[in-house]
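In: Curious how this folds, go ahead:
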Amino acid sequence: MYKPSTLAVLAAAFVAIFLLMPLIAVAPVSFTPARFLSMPSGVWSLRHYQALLNDPSWAEAAWLSVRIALMSTIFSTALALAFALGVWMFRPWFSSILIGFVLIPMVAPPVVSAITLYFFLTSLSKLNDWIGYDTPLGVALAHAVMIAPYGVVLILVALSQVDRRIDLAARGFGAGVFTRVFKVILPNIRFGVLTAAFMGFVLSWEEIGVTLFITSVNAVTLPRKMWMGLRDNIDPAIAAISVILIVLVVIGVLVKTVLAGGEKKPAE
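Out: Numbers count the residues shown, from 1 in each chain. So this is what the prediction gives:
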């Protein structure tokens with residue numbers, strides 16, 4: 001087994017610390033007793049964490065972000081899975097064109113996507129008032145459009161590791177499309193699907209660029225509320241909520257890593 005040298009380990013540690021320093025620096029700022037962003041000078045305070053608990057708007061924004069992230073994760077994962085399975089199972093000659101078309105939101109400038117989704121949702125708002133501009137379902141739909149390409153890539157990668165002969169064998173024994181999908185293919189790519197869902201949730205949770213264009217006063221997500229606080233008044237409470245989000249993301253990554261390790265561990 002290859003063992004990295006001490007120099008390689010030190011270099012990797014230096015790069016990791018360099019990349020994490022901006023995140024680490026937020027932590028002490030969140031404990032400042034001042035009313036503005038500053039490093040604590042000998043006195044540490046939890047006043048800004050207490051402000052988060054006392055202000056219900058932060059909890060409402062966080063809960064809205066969770067609901068939108070869950071909805072967009074379901075939409076995007078279902079769409080990505082259906083597309084990837086269709087391309088992998090039926091292998092149309094124009095599959096490369098289809099994949100390139102689906103991946104356009106990944107390479108298009110965010111402003112272009114935001115403007116396009118703005119006009120799309122405002123058009124939907126004319127048809128009904130529960131999906132469209134500045135609605136939770138409309139935001140979830142827009143997020144799903146933006147994050148579905150990432151799910152497509154992850155699921156296609158998972159499918160590339162599946163032996164196509166098991167699908168051909170199932171078809172040879174008379175299994176239909178649904179039987180092949182749910183009993184043969186999905187059990188072999190379940191971790192890839194879960195990874196796509198996890199990434200979709202994270203991307204939707206932190207999305208701000210498109211959200212600024214398609215929301216106003218009704219669908220205020222947590223990133224949008226943080227942006228509003230930075231624009232109107234640089235409140236140290238934003239540093240406190242940032243630390244909480246960092247901790248949650250780290251916990252999520254650790255849980256995913258543990259699950260991935262259990263998935264790859266051979267049965268004894």
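
In: Which residues in stretch 57-68 does the neighbour count mark as buried?
Out: Of the residues in stretch 57-68, those scored as buried under the neighbour-count criterion (16 or more other C-beta atoms under 10 Å) are 58, 61-62, 64-65, 68. For every residue, glycine as well, the C-beta is placed using N, CA and C.

In: Among these, which ones are in helices?
Out: Secondary structure assignment (DSSP state H) places 58, 61-62, 64-65, 68 from those within helices.

In: Pipe these into CSV and attach pLDDT and distance to residue 250 per row.
Out: Rendered in CSV, the data for these read as follows (pLDDT from 0 to 100; distance: C-beta to C-beta, whole Å):
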residue, pLDDT, distance to residue 250
58, 85, 20
61, 90, 21
62, 89, 17
64, 94, 23
65, 93, 18
68, 95, 22
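
In: want to throw those residues into a markdown table with distance to residue 243?
Out: As requested, those are arranged in a markdown table below (distance: C-beta to C-beta, whole Å):
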| residue | distance to residue 243 |
| --- | --- |
| 58 | 13 |
| 61 | 16 |
| 62 | 14 |
| 64 | 20 |
| 65 | 17 |
| 68 | 22 |
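
In: Point out the other helices and strands that the helix or strand where residue 14 lies packs with.
Out: Using DSSP states H and E, residue 14 falls within helix 6-29. When contacts are defined as 3 or more C-beta pairs under 8 Å, 6 or more residues apart in numbering; DSSP states H and E, helix 6-29 sits against helix 237-264.

In: Taking their axis directions, the helix it packs on and helix 6-29 sit at what angle?
Out: If you take axes from the mean of the first three to the mean of the last three C-alpha atoms, to 10 degrees, helix 237-264 sits at 140 degrees to helix 6-29.

In: if you average pLDDT over helix 237-264, what comes out?
Out: Mean pLDDT, helix 237-264: 76.

In: In the stretch 101-250 of the chain, what residue spans correspond to helices?
Out: Shown for the stretch 101-250 of the chain, the helices assigned by DSSP state H, counting those that start in this stretch span residues 104-107, 110-125, 136-160, 164-172, 177-180, 186-206, 209-214, 222-232, 237-264.
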